[in-house]
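Novice: can't give you the sequence, but here's the structure:
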């Protein structure tokens with residue numbers, strides 16, 4: 001078979017790029033992203049103005065003239081960044097195709113003065129990044145998902161692990177699971193004048209703006225983080241108001257200042273064990289949590305309120321996508337039944 005790597009230019013290239021996942025995944029495990037991917041390829045995504053992309057395909061050509069799409073990737077460039085980000089990667093289990101793909105992308109990165117490739121990053125911290133490395137039989141809302149062989153393909157193309165992450169699956173809490181330390185932090189926070197409440201549809205936009213300000217402050221030190229504007233944040237996350245269970249959004253205000261947040265999403269997994277209707281679910285993904293630098297202890301206070309809600313309503317939780325070494329990994333440890341792991345990789349060019 002002859003291998004060729006080409007950039008995505010024509011409508012047929014776009015169709016081939018968008019069509020590859022269907023040839024690789026069980027549809028029950030892989031959420032379709034054709035609309036988002038088309039926006040990226042055509043420069044119409046809310047974040048498109050912040051970066052440049054090079055999208056590539058590797059095709060294999062047989063002796064009879066037939067062809068097959070074997071691999072794809074988008075390389076993303078940010079101004080004044082020494083790293084280029086490789087994402088929207090999909091591939092059959094073909095080492096030769098992936099080595100050709102990354103050889104081509106490394107050349108493009110060098111041409112633009114970059115010194116390394118990092119991935120998988122689907123163009124932005126705010127879209128999707130990381131590979132899953134275990135427990136492939138089930139996925140949850142917001143989790144990166146990929147075949148087990150993807151990390152091996154990248155390592156064969158010269159990548160090594162740069163960062164590690166994990167998610168903890170939590171059983172339903174019982175009365176004996178209340179953590180004294182977190183209960184004390186909740187009581188202390190209330191004594192210090194923090195008001196912890198939920199949002200609702202009426203106040204959602206106002207609260208979303210407050211979350212934007214604090215979340216971008218808290219997350220700015222995370223690997224592959226890039227800033228975005230308030231308007232971009234609204235466009236990307238405003239639709240959450242239609243799927244959230246507002247009782248699982250915890251906001252800690254000190255006066256008019258948002259000091260901390262904990263946001264859970266219903267798990268819309270296709271698993272029969274996790275049915276979800278109108279924002280109500282049997283399992284929730286604890287996806288976003290943070291507190292201001294001057295608001296020590298709020299993380300524990302918010303975690304206790306979340307644990308109380310799970311206990312009261314006999315629900316399970318998933319503490320999602322924790323950066324290895326992050327303090328938030330200490331919450332819910334006694335409830336953990338199993339953990340899933342993820343990696344971010346890097347290679348020099």
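Specialist: All right, it came through fine. In this text, all values refer to a predicted model and were calculated from it rather than measured experimentally.

Novice: Return the residues in contact with residue 307.
Specialist: Remark: with contacts taken as C-beta atoms under 8 Å, 6 or more residues apart in numbering, residue 307 is in contact with 173, 177-179, 182, 332, 335. All C-beta spots, glycine's among them, are computed from the backbone N, C-alpha and C.

Novice: so of the residues you listed, which ones are in helices?
Specialist: Using DSSP state H, the members of those that fall within helices are residue 182.

Novice: Just the buried subset of the contacts of residue 307, please.
Specialist: Among the contacts of residue 307, the ones that count as buried by 16 or more other C-beta atoms under 10 Å are 173, 179, 182, 332, 335.

Novice: Turn the residues you listed into TSV, including distance to residue 199.
Specialist: Listed next are the buried ones among the contacts of residue 307 as TSV, based on distance: C-beta to C-beta, whole Å:
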residue	distance to residue 199
173	23
179	25
182	22
332	23
335	25
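
Novice: Lowest-confidence one in the residues you listed?
Specialist: Scanning those for pLDDT, the low point is residue 179. It has 74.

Novice: what's the nearest residue to it if we skip its chain neighbours?
Specialist: Closest residue to residue 179 in three dimensions, ignoring its sequence neighbours and counting by C-beta to C-beta, 6 or more residues apart in numbering: residue 304, at 6.8 Å.

Novice: Check which helix or strand that neighbour maps to.
Specialist: In this assignment (DSSP states H and E), residue 304 forms part of helix 298-312.

Novice: Check which residues of that helix are buried.
Specialist: Buried residues in helix 298-312 (16+ other C-beta under 10 Å): 298-307, 309-311.

Novice: quick one on the thing from earlier: closest to residue 10 out of the contacts of residue 307?
Specialist: Using C-beta to C-beta, residue 332 comes nearest to residue 10 of the contacts of residue 307, at 49.3 Å.

Novice: follow-up on the earlier one: of the buried ones among the contacts of residue 307, which belong to strands?
Specialist: Counting by DSSP state E, no part of the buried ones among the contacts of residue 307 is found in strands.

Novice: Nearest to residue 12 among the residues you listed?
Specialist: When the buried ones among the contacts of residue 307 are compared against residue 12 (criterion: C-beta to C-beta), the nearest one is residue 332, at 48.4 Å.

Novice: List the residues that contact that closest one.
Specialist: Contacts of residue 332 by C-beta under 8 Å, 6+ apart are 168, 170, 286, 303, 307, 317, 319.

Novice: In helices only, show me those.
Specialist: Cross-referencing these against helices under DSSP H gives 303, 307.

Novice: could the contacts of residue 332 be laid out in CSV, adding pLDDT?
Specialist: Shown next, in CSV, are the contacts of residue 332 (pLDDT from 0 to 100):
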residue, pLDDT
168, 96
170, 96
286, 96
303, 94
307, 94
317, 96
319, 96
